[in-house]
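A.B. asks: I would like to see how this sequence folds:
(chains A and B)
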Amino acid sequence: MDIMSVIINGLSIGSIYAIIALGYTMVYGIAKMLNFAHGDVIMVGAYTFFAAAHARNLNGPGGPFAAVLIAIVLCALLGMAIEFLAYRSLRQAPSLAVLITAIGVSYLLQNVMQTVMSLDGVDRFFKNVLGVVISENNDKPIFGADTKMITDLVNMQALDIHLSDTLTIPGLAIVTIAVNMLIVVLLSLFVNYTKMGKAMRSVSEDRSAAQLMGINVNRTITVTFAIGSGLAAIAGILYCAFPHELVPTTGSIPGIKAFIAAVIGGIGSIPGALIGGLLLGLVEQLSRSFLPVTELTDAVVYSVLIIVLLFRPTGLLGKKIHEKV
Amino acid sequence: MKKFIALVLALAMIACMTVSALAEDVVLTIAHIGPETGPAAVYGLATSRGAKIAADEITAADNGITVVLLDEDDAHDAEKSVNAYNTVLDNGAQMIIGTTTTTPCIAVATLAYDERVFMLTPSASSTDVTSGRDNVYQVCFTDPAQGAASAQYIAQNGLPTKIAVIYNNADAYSTGIYETFMAEAPALGLEVVSITTFTDNSNFTSQVSAAQSAGAELVFLPIYYTPASLILQTAANAGYKPVFFGVDGMDGILSIDGFDTSLAEGVMLLTPFSADAEDEKTVNFVKSYKDLYGEVPNQFAADAYDGVYALVEAAKVAGVQTGDKAEDVCDAMIAAMQQITYEGVTGTMTWDATGAVSKTPTAVVIENGVYVGFDK
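C.D. replies: Next up, the predicted model:
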């Protein structure tokens, strides 16, 4: 087994976890809540990308890029809608109520997607009743309960680097890692140097004081959700291109892993999410490849969380919370 | 209001009675159970459609039999499958064509054995489905037959002999084929250089890179098509191009939305049905299927199509009548099943007391996006 290819795969899946973890960490840092529906936004993003890329009018050279944009925008809107409809009225509620609501939203998204994607006749309805062909290819309708994949749309093999017969750095891995780095840098710049970023930091520090200083807390939280969910769309596309299958429960496993990554890195911290994600990806790939029993992989991954929390209860880069007694 | 409802119900009852009095046909109620949503949906939809076509053909033909097909989705989940089983029995099912996939089928077969309900599964190929149960029969080959036959094909047809195996060790179907393949392989001169396992469709980079660094020239995939498609994609990403050899679970790989089917070029699979065969039965079946669903039927559809015909043949021999209860016809069906010889689109089939079918296996290879007979 080539250790290099394991590390490359680890960094590349770790980058995806990191992008998802950024969403968890920003929402937690600013709204002080765990948005467990975040993983399912990934799935919605991937489905949106799939549907948009297969829509007839986007079937051109720039199509996949337009589809990425559509997925990001739609997920950002979805994130804002979830925040507005489900979480805003719970701003003063105990955190347990918010947590349970988030789990409810997660199931809602999964089941709505399951139902919507199972509507076999949608393509035919558009074609026969409205006279609009929505799918570029008649043999492959967009809707239908079959498993979907997006790997034919995200082909990065032109960027492959062949190092030897048994070792290729996949173009997709290069793109994934680069996208992740770019996102982390841009997000850090945004949070540290823009007015909205300043508002985010102050809401995170003390919500009521920020409000007294004239910061619109609701709007700040809405923007946070929009950014986190937009990032989730990117993560969803990269995750399914890795490749993974696209089904309504696709988001739950990477969602949980990324949540763990955020906690390991120190929830609320942007560099923490990056480090946590990469660490988790590497541990996962290394144990999958070198453990005698493949089934123990997830056990190792989750025990990393326990070990880190034993020694650093606030995560690797988490802030120490001093409680006044 | 109550009176009104009672009146409506009474009228409905009369209407029902009139309808059944008018129909002189023997009405056979057959239930199909299979995954029509979720990760194995391609199989369940195929078996459902194949069964539907057979049922409609039998009903339309003037032979005194009307087939009522009940259809339930189990999403490839044992618990849902048992619920579906209870639902169809409540709705008067006399026998079952199903269930489509192995793991749910074992759960349902356990219950059906206790409650004496006759089952003919189109595609659940594990011996665990039939063993110890006299009431469960199969249209497809058993897994042992597939594993051993795969090894023989590879050895006898000049395919590469340095082999990697990737199988799902949480799945009875996959493990069953793997075991018989491994029992047969050494004696045939096949060298298995890498064996890796998985339990869910998470990601396959380590399995593929193990096969690649071991220098395997053929990768044997006794698994379903969804993980297989992920493995093909992962191998392509890693620049690894061996021969891929699958079994009937590979059937369906060409119909995954968004999978680059050019990656499946040259993939071989063992299957008793090839849609390009030219006998009259196959041609008619493929035509009706295409007309109704706009795609070429796969082996699962063919197995279910044959299954419904075989059930009706057996029901004729067993003398099943309209309204008979499932538990009353079960023993007669068991006896009848061993007597009949049915010539269908997947070959000429006979059954023995174990419930296993005998017919000849063949292999196909994917060329230009269609299955081409490999033996030609």
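A.B. asks: What's the end-to-end length of stretch B:167-176?
C.D. replies: 10 Å (C-alpha to C-alpha, to the nearest Å).
A.B. asks: pLDDT below threshold where in the stretch 101-250 of chain B?
C.D. replies: B:201 (pLDDT under 70).
A.B. asks: how about the helices in the chain?
C.D. replies: Using chain A here. For chain A, the helices defined by DSSP state H occupy A:3-31, A:38-54, A:63-82, A:95-118, A:122-128, A:171-193, A:195-205, A:207-212, A:217-241, A:252-265, A:270-290, A:297-311.
A.B. asks: Sorry, I should have been clearer: chain B.
C.D. replies: In chain B, the helices defined using DSSP H lie at B:2-22, B:41-60, B:78-90, B:102-115, B:127-130, B:143-156, B:172-184, B:205-213, B:225-237, B:280-293, B:299-318, B:326-339.
A.B. asks: Quick check: which of those is nearest to A:Ile70?
C.D. replies: helix B:225-237 (23.5 Å; C-beta to C-beta). Where C-beta positions appear, they are placed from N, C-alpha and C, glycine not excepted.
A.B. asks: Is there contact, residue-wise, from the closest one to chain A?
C.D. replies: Yes - Helix B:225-237 reaches chain A (C-beta under 8 Å from any C-beta of the partner chain) through B:226, B:229-230, B:233-234, B:236-237.
A.B. asks: Now render the helices of chain A as CSV, adding mean pLDDT and mean neighbour count.
C.D. replies: Formatted as CSV, these follow (pLDDT from 0 to 100; neighbours: other C-beta atoms under 10 Å in any protein chain shown):
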stretch, mean pLDDT, mean neighbour count
helix A:3-31, 92, 26
helix A:38-54, 91, 27
helix A:63-82, 93, 20
helix A:95-118, 91, 16
helix A:122-128, 71, 15
helix A:171-193, 94, 17
helix A:195-205, 93, 17
helix A:207-212, 92, 14
helix A:217-241, 95, 25
helix A:252-265, 93, 26
helix A:270-290, 92, 23
helix A:297-311, 90, 14
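A.B. asks: if we can go back for a sec, narrow the residues of helix B:225-237 next to chain A to those that are buried.
C.D. replies: Those of the residues of helix B:225-237 next to chain A that meet the buried threshold are B:226, B:229-230, B:233-234, B:236-237, by 16 or more other C-beta atoms under 10 Å in any protein chain shown.
A.B. asks: Need the max-distance pair from those residues.
C.D. replies: By the measure C-beta to C-beta, these have their two most distant members at B:Thr226 and B:Asn237, which lie 17.0 Å apart.
A.B. asks: quick revisit: out of the helices of chain B, which comes closest to A:Cys240?
C.D. replies: Per C-beta to C-beta, nearest to A:Cys240 of those: helix B:225-237, 10.3 Å.
A.B. asks: Let me know the angle separating the closest one from helix A:217-241.
C.D. replies: Put simply, helix B:225-237 runs at 80 degrees to helix A:217-241, going by axes from the mean of the first three to the mean of the last three C-alpha atoms, to 10 degrees.
A.B. asks: starting at the chain centroid, how far to helix B:225-237?
C.D. replies: For helix B:225-237, the separation from the chain centroid amounts to 22 Å (computed by C-alpha atoms, centre = their mean, to the nearest Å).
A.B. asks: Give me the contact list for that helix.
C.D. replies: With C-beta atoms under 8 Å, 6 or more residues apart in numbering or on different chains as the test, helix B:225-237 has contacts from A:147, A:149, A:151, A:157, A:168, A:170, A:172, A:243-245, B:39-40, B:42, B:166, B:168, B:198, B:201, B:203-205, B:207-208, B:212, B:219, B:221, B:241-242, B:244, B:246, B:249-253, B:256, B:259-260, B:263-264, B:267.
A.B. asks: ok, now stretch B:155-165?
C.D. replies: With C-beta under 8 Å, 6+ apart, stretch B:155-165 has contacts from B:153-154, B:178, B:181-182, B:185, B:188-196, B:210-211, B:214-222, B:242-243, B:245, B:268, B:363, B:374.
A.B. asks: Which ones among the residues you listed map onto strands?
C.D. replies: Judged by DSSP state E, strands contain the following of the contacts of stretch B:155-165: B:191-196, B:218-221, B:243, B:245, B:268, B:363.
A.B. asks: Of those residues, which pair is most distant in space?
C.D. replies: The most widely separated members of those, counting by C-beta to C-beta, are B:Thr196 and B:Ala363 (23.6 Å).
A.B. asks: C-alpha coordinates for stretch A:277-296, PDB please?
C.D. replies: Only the C-alpha atoms of stretch A:277-296 are listed here, as PDB (Å, rounded to 0.1, in the frame of the first residue of the first chain):
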ATOM      1  CA  GLY A 277     -11.100  18.200   9.400                       C
ATOM      2  CA  LEU A 278      -7.700  17.400   8.000                       C
ATOM      3  CA  LEU A 279      -6.700  15.400  11.100                       C
ATOM      4  CA  LEU A 280     -10.000  13.400  10.900                       C
ATOM      5  CA  GLY A 281      -9.500  12.700   7.200                       C
ATOM      6  CA  LEU A 282      -6.000  11.500   7.700                       C
ATOM      7  CA  VAL A 283      -6.800   9.300  10.700                       C
ATOM      8  CA  GLU A 284      -9.700   7.800   8.800                       C
ATOM      9  CA  GLN A 285      -7.800   6.900   5.700                       C
ATOM     10  CA  LEU A 286      -4.700   5.700   7.500                       C
ATOM     11  CA  SER A 287      -6.800   3.400   9.700                       C
ATOM     12  CA  ARG A 288      -8.900   2.200   6.800                       C
ATOM     13  CA  SER A 289      -5.800   1.200   4.900                       C
ATOM     14  CA  PHE A 290      -3.500  -0.100   7.600                       C
ATOM     15  CA  LEU A 291      -5.800  -1.600  10.200                       C
ATOM     16  CA  PRO A 292      -6.000  -5.400   9.900                       C
ATOM     17  CA  VAL A 293      -9.800  -5.100  10.300                       C
ATOM     18  CA  THR A 294     -11.400  -2.400   8.100                       C
ATOM     19  CA  GLU A 295     -14.500  -2.400  10.200                       C
ATOM     20  CA  LEU A 296     -12.700  -0.700  13.100                       C
END
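A.B. asks: Contacts for that stretch next, please.
C.D. replies: Identification of contacts with stretch A:277-296 by C-beta under 8 Å, 6+ apart yields A:1, A:6-7, A:9-21, A:180, A:257-258, A:260-261, A:264-265, A:297-298, A:300-301, A:304, B:169, B:196-199, B:205-206, B:209-210.
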